[in-house]
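K.L.:
Structure, please.
(4 chains, ligands or ions: 8)
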Number of protein chains: 4
Amino acid sequence: MRAVEVPEAGAEFELVERELPDPGPEAVRVAVDACGICHSDAFVKEGSYPGVSYPRVPGHEVAGRVDAVGDRVEGWSEGDRVGAGWHGGHCFECEPCRRGDFQGCENAGITGLTFDGGYAEYATIPAAALAAIPESLDAVDAAPLLCAGITTFNALRNTGAGPGDLVAVQGIGGLGHLGVQYAHRMGFETVAVSRSSDKRDLAKELGADHFLDASETDPAERLQELGGARVVLGTAPSAPAIEAVAGGLGRDGELVAVGVPGREVSVDVQGLVGNRASVGGWGSGHARDSQDTMEFSALRDVTPEVETYDLADAGEAYDRMMANEARFRAVLEP
Amino acid sequence: MRAVEVPEAGAEFELVERELPDPGPEAVRVAVDACGICHSDAFVKEGSYPGVSYPRVPGHEVAGRVDAVGDRVEGWSEGDRVGAGWHGGHCFECEPCRRGDFQGCENAGITGLTFDGGYAEYATIPAAALAAIPESLDAVDAAPLLCAGITTFNALRNTGAGPGDLVAVQGIGGLGHLGVQYAHRMGFETVAVSRSSDKRDLAKELGADHFLDASETDPAERLQELGGARVVLGTAPSAPAIEAVAGGLGRDGELVAVGVPGREVSVDVQGLVGNRASVGGWGSGHARDSQDTMEFSALRDVTPEVETYDLADAGEAYDRMMANEARFRAVLEP
Amino acid sequence: MRAVEVPEAGAEFELVERELPDPGPEAVRVAVDACGICHSDAFVKEGSYPGVSYPRVPGHEVAGRVDAVGDRVEGWSEGDRVGAGWHGGHCFECEPCRRGDFQGCENAGITGLTFDGGYAEYATIPAAALAAIPESLDAVDAAPLLCAGITTFNALRNTGAGPGDLVAVQGIGGLGHLGVQYAHRMGFETVAVSRSSDKRDLAKELGADHFLDASETDPAERLQELGGARVVLGTAPSAPAIEAVAGGLGRDGELVAVGVPGREVSVDVQGLVGNRASVGGWGSGHARDSQDTMEFSALRDVTPEVETYDLADAGEAYDRMMANEARFRAVLEP
Amino acid sequence: MRAVEVPEAGAEFELVERELPDPGPEAVRVAVDACGICHSDAFVKEGSYPGVSYPRVPGHEVAGRVDAVGDRVEGWSEGDRVGAGWHGGHCFECEPCRRGDFQGCENAGITGLTFDGGYAEYATIPAAALAAIPESLDAVDAAPLLCAGITTFNALRNTGAGPGDLVAVQGIGGLGHLGVQYAHRMGFETVAVSRSSDKRDLAKELGADHFLDASETDPAERLQELGGARVVLGTAPSAPAIEAVAGGLGRDGELVAVGVPGREVSVDVQGLVGNRASVGGWGSGHARDSQDTMEFSALRDVTPEVETYDLADAGEAYDRMMANEARFRAVLEP
Ligand SMILES: [Zn+2]
Ligand SMILES: [Zn+2]
Ligand SMILES: [Zn+2]
Ligand SMILES: [Zn+2]
Ligand SMILES: [Zn+2]
Ligand SMILES: [Zn+2]
Ligand SMILES: [Zn+2]
Ligand SMILES: [Zn+2]
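P.N.:
Ligands and ions are numbered 1, 2, ... in the order given. Now for the predicted structure:
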């Protein structure tokens, strides 16, 4: 099979020919139909995550079909349409797992990082990492939902925000353009916050009730004028961007960062005390959360905007993504 | 009547003789039996809060008896034992008030700051700021519950922590020595965190299941060894103290600061994302919250440790509090 | 002014001429533009609610404009577009009020029942009962939102259901046709349950993802096939209807009745224990809840279907509503 | 090994000699130190639960030591002190399991019902059903916590009640005498409700703040006088008992039945609507919930009152339990 691997930390992608992998007893082999490219693939490419062994095939937005089923796997059959995201399975036995908090598994695998991922024609995925893809969802559309989608959907639905509450999505890129769609369809009064004024029309089309151009106005001030945000979803992995918008929280406001900035974030505790507000984080979710994300997306027509690429062009696609030029998610079609 | 006033921002306290105040139509006059001295009295003493007019009688931990009742006041009668805290009444008409969020009232009074407080024989208190004192509670014990008590009780009960969860109280002083008692009596596995090793025995007596000496060990590391804190209640108004303990949060951990530090706090967002954790704040509560605090304290024998002083010694008492020498709350008995 | 009054319990409506009422110090006079007719108006018409004095002008879905303002009222001015629902103001001083739970006020007024309501050209409404009507909302559309709307909106948003969860609305009438719209726009997988197969198309148009014809299939069984309902909103005031659908609850399922049936409801506790499920009730909300309802409806285009009538035809309109012939809400335009 | 089995549905217990069982790859063999007798053992004894095969060893309050470990089991070693309750393991693969809701597993085993339980010297238990017993807890005290304990602890901690809220425990028997202890230690204002006036003193010792003799007063009325219950924990499997106390719910009140009555329960929906209240159920919990229960019990000195019996006297012990004569839990010591 064809696969794109990172030969060693910091090296360029290489398109190679590999043996078809064997799924082992508790995994399945997936014939990959599409795999999204995520900013976190840089962990593998640059070797900035502890413990990655090389060569490694990246890719944690994997959408495909079950091609072979491990001996002890129940519930999945050849031909099932399945996806896998960052959460690459869990151990069932650590403390978080015993509580059903698979997202917190202390021995969790990471797709395309602790094992080979979706930049390939086939990938073997632990059964615990599989999410069923709804029939009406194309693989190319499903792929980005498995990381960019679940991260924003799951973060938003686990806040305290309710219908009609003011919810801001900061950053309108791979994550944010999905976040705006989810926020709208969950019934929030949705605010898109971006430094690119040319995204105004698109944001409105995606479902934003308001657009704040953070390059021209103070987004915190503007959010306060709108009544103060119940939730700010921080999708940009940028400390200054988070700091610029934190002051826009209203009563019981929650800033939920899903992008990890390169440095610590400075927080004004007095403002938090005054509003019973908080600054926190959220990281994707487990396999059933991915499935929920796709089911909701199919139910309410949430669709990513994608550019598609052949495996051979993975490097070009990755570079566009890193340069914030992809509109809005680059997806490989092996 | 005798009263202790701050003649102007930055000046010393003065014991003066004043006319008995008239409550007006929507307030009551309270004969003060006890008034706690709080760190926030420094706002009045030093003029560091916007908009205080002088001379001003401080004191927002007021416990006494209703002495006269305004014309339009219902529900309170002469002789009723009542208290008042930082929340000095609300307007019923602003947005938060219309939602029943009196704590967030945009026109809220502040006892002993926007109007004269409890460093006096009598104080006039808006009816909306009154809390009934349970019969079994002495005024001297009730007073500190009206700010130090409600702040810790209300913050803790509004977290997501449940019985058996690991809850750390950082700082064992005026607030923290009550926080430990509340945490224990709410069923939390209670951790006292302090830089003073000599508070170990006391912390255990108050109900701490664990004592972490933050001057000798890394409290964040130790909390992780205990499983990670579901909640850290930050009572010390110190940014380094908050930063030192934030890393001790476990799954869904909430750091709730009730003391406002002098500078912004640096937060490691990656850690928050990994644990779905957050850093937030909480500020006391409204009059019924104060009453809940006192009722719970009476029900479960939560008692502040106090030093009592005559009005004439307010300056000495205040100085001991500011120097962290009061053990643990200085209370005036007018 | 013209008004329609019930002269005594059980009597016919009478169109009468009355003096323009004076609002008093804590109320406003509202020029009524529209007033919905609700099933609960029968309490006044038939005298089946304790303590109604006659003659009484019914009507608790009042939409209009402020015409005169009481002396002590703040926050409302002549010309403001306002509405009032069942919640006819609160006392601010009882236990629930002190907790901000105005909906539970022990001294609450009821519009059109403890004081004259909206079947008239003018009505005096306590300031605490007023909700602002969004600019984009017509009075005729706003009126039904003030009881049928708030009841379903507020019940749904206060359940534990989240985006993508299966939510059934039982009964597609005055309340239910709004409930389906809200459920869809809150992001629920929405099931309309009705005994009238001819409502299928309409239910789908309103936003139902599924339609269950309860006259042909067992709705509980069908809900279980769909995975089990997270929430069932029971809008029909019918014990058999509630009993028929309760078995459709899934894990953590909540049946929330907003219509009060004429007899007690039989509940299978074993089923509840097995699913951690519950059967409960919900009753409208306070003034700010009404405003939330209207704001959400304006934001997401929730519109009642109405038939409009002149004051003179109140009796006819009422009869159609009682016979379940109104489609779906009869509204008077005084 | 010695074991007590039910030879067939409806037959008497028989003490028999059996081969030492083999745990299989995903289970452990437990040397039983103590096993509580629960009312639900009657399902096995009388054959009133679908699908029990005979002979069957009952007992789902099993406390002991790991004696042999299956090949694929991780996290448990010989000698570990462990317990198992009603929840006899889960499949990890059904819909509830994929969401981490092991309690709702569609393929869950039931200890002492779908496989042999703790009325024996040894029992084989699926690893997924194991809970670690805290060091300070005796086996005899641990056993009743594994069904009577977890049921009440887990039900109470999953309600919306907070510190100081009024919580009633209806029925002071095997479950209720633990429920009262938990309610007190969670900080609730605790009401014991019983038809046996001779339990007043004991209830107070266990931590009840109030005792309502339901044979002399109307418990619903008395609860309303105390302010209305936030939670009523219904432990008696009796429809009339549940109906008698449901009217005692206050604002947002939750009646949580953990005992399943023999017939349906009649519910006054109007009362529920008026208070936003509900009637629901709760059924024990999974293995980690059991461990939480024991850890909390060890931390806060919750101790069951037990009568101990030899295996040979299982019949006598069972009869006393069924006759409500056990005080309060009969425990076998194999
Ligand atoms: Zn990703
Ligand atoms: Zn794990
Ligand atoms: Zn206000
Ligand atoms: Zn204070
Ligand atoms: Zn009231
Ligand atoms: Zn109505
Ligand atoms: Zn049992
Ligand atoms: Zn299962």
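K.L.:
Could you tell me which ranges of the stretch 151-300 of chain A sit under the pLDDT cut-off?
P.N.:
For the stretch 151-300 of chain A, no stretch is flagged by pLDDT under 70.
K.L.:
What is the neighbour count of the closest residue to residue A:109 other than its chain neighbours?
P.N.:
Setting aside the residues directly before and after it, residue A:109 is nearest to residue A:88 in space (Cβ to Cβ, 6 or more residues apart in numbering or on different chains), at 3.3 Å. Placement of C-beta: from N, CA and C, glycine included. Neighbourhood size, residue A:88 [other Cβ atoms under 10 Å in any protein chain shown]: 23.
K.L.:
just residue A:217 next, same as before
P.N.:
Residue A:217, neighbours per other Cβ under 10 Å, totals 12.
K.L.:
now residue A:195
P.N.:
Neighbour tally, residue A:195, other Cβ under 10 Å: 18.
K.L.:
any idea how far residue A:249 is from it?
P.N.:
Note on residue A:195: its distance to residue A:249, by Cβ to Cβ, to the nearest Å, is 19 Å.
K.L.:
Next: residue A:85.
P.N.:
Noted for residue A:85: a distance of 29 Å to residue A:249, by Cβ to Cβ.
K.L.:
Who has more neighbours out of those two?
P.N.:
Neighbours were counted for residue A:85 and for residue A:249 using other Cβ under 10 Å; residue A:85 has more, 33 against 29.
K.L.:
what residues are up against that one?
P.N.:
A:60-62, A:111, A:129, A:131, A:146-147, A:150, A:284-285, A:287, A:290 (Cβ atoms under 8 Å, 6 or more residues apart in numbering or on different chains).
K.L.:
mind running it again at 7 Å?
P.N.:
Contact analysis of residue A:85 by Cβ atoms under 7 Å, 6 or more residues apart in numbering or on different chains lists A:60-61, A:111, A:146-147, A:150, A:284, A:290.
K.L.:
neighbours of residue A:213, just the number please.
P.N.:
Neighbour number of residue A:213 under other Cβ under 10 Å is 17.
K.L.:
Without its sequence neighbours, what residue ends up closest to it?
P.N.:
Closest to residue A:213 by Cβ to Cβ, 6+ apart is residue A:197, at 4.6 Å.
K.L.:
Could you tell me how many residues sit around the one you found?
P.N.:
The number of residues packed near residue A:197 is 11, by other Cβ under 10 Å.
K.L.:
Residue A:26 too?
P.N.:
13.
K.L.:
just the one 10 residues further on next, same as before
P.N.:
Burial of residue A:36, expressed as a neighbour count using other Cβ under 10 Å, amounts to 31.
K.L.:
Chain A against chain D: which residues are in contact?
P.N.:
Taking Cβ under 7 Å from any Cβ of the partner chain, the part of chain A that reaches chain D is made up of A:74-75, A:92-93, A:98-102, A:287-288.
K.L.:
ok, those residues vs ligand 6, which is closest?
P.N.:
Of all those, residue A:288 has the smallest distance to ligand 6: 40.1 Å, by Cβ to the ion.
K.L.:
quick one: the closest one and residue A:92, what's the gap?
P.N.:
Applying Cβ to Cβ, the value for residue A:288 to residue A:92 is 14 Å.
K.L.:
for residue A:132, same thing?
P.N.:
20 Å.
K.L.:
Tell me which of those two has more neighbours.
P.N.:
Neighbour count, other Cβ under 10 Å: between residue A:132 and residue A:92, residue A:92 has more, with 20 against 17.
K.L.:
and the nearest residue to that one once chain neighbours are set aside, what element?
P.N.:
Distance criterion Cβ to Cβ, 6+ apart; nearest residue to residue A:92, sequence neighbours excluded, is residue D:92 at 5.8 Å. Assigned by DSSP states H and E, residue D:92 belongs to no helix or strand.
K.L.:
Correct me if wrong: residue D:92 contacts residue A:91.
P.N.:
No. Residue D:92 lies out of contact with residue A:91 (Cβ atoms under 7 Å); the separation is 10.9 Å.
K.L.:
For the contacts of residue A:85, could you give me a markdown table that also reports neighbour count and secondary structure?
P.N.:
Shown next, in a markdown table, are the contacts of residue A:85 (neighbours: other Cβ atoms under 10 Å in any protein chain shown; DSSP: H, G, I helix; E, B strand; the rest coil):
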| residue | neighbour count | secondary structure |
| --- | --- | --- |
| A:60 | 29 | coil |
| A:61 | 34 | coil |
| A:111 | 29 | strand |
| A:146 | 32 | helix |
| A:147 | 33 | helix |
| A:150 | 30 | helix |
| A:284 | 25 | coil |
| A:290 | 31 | helix |
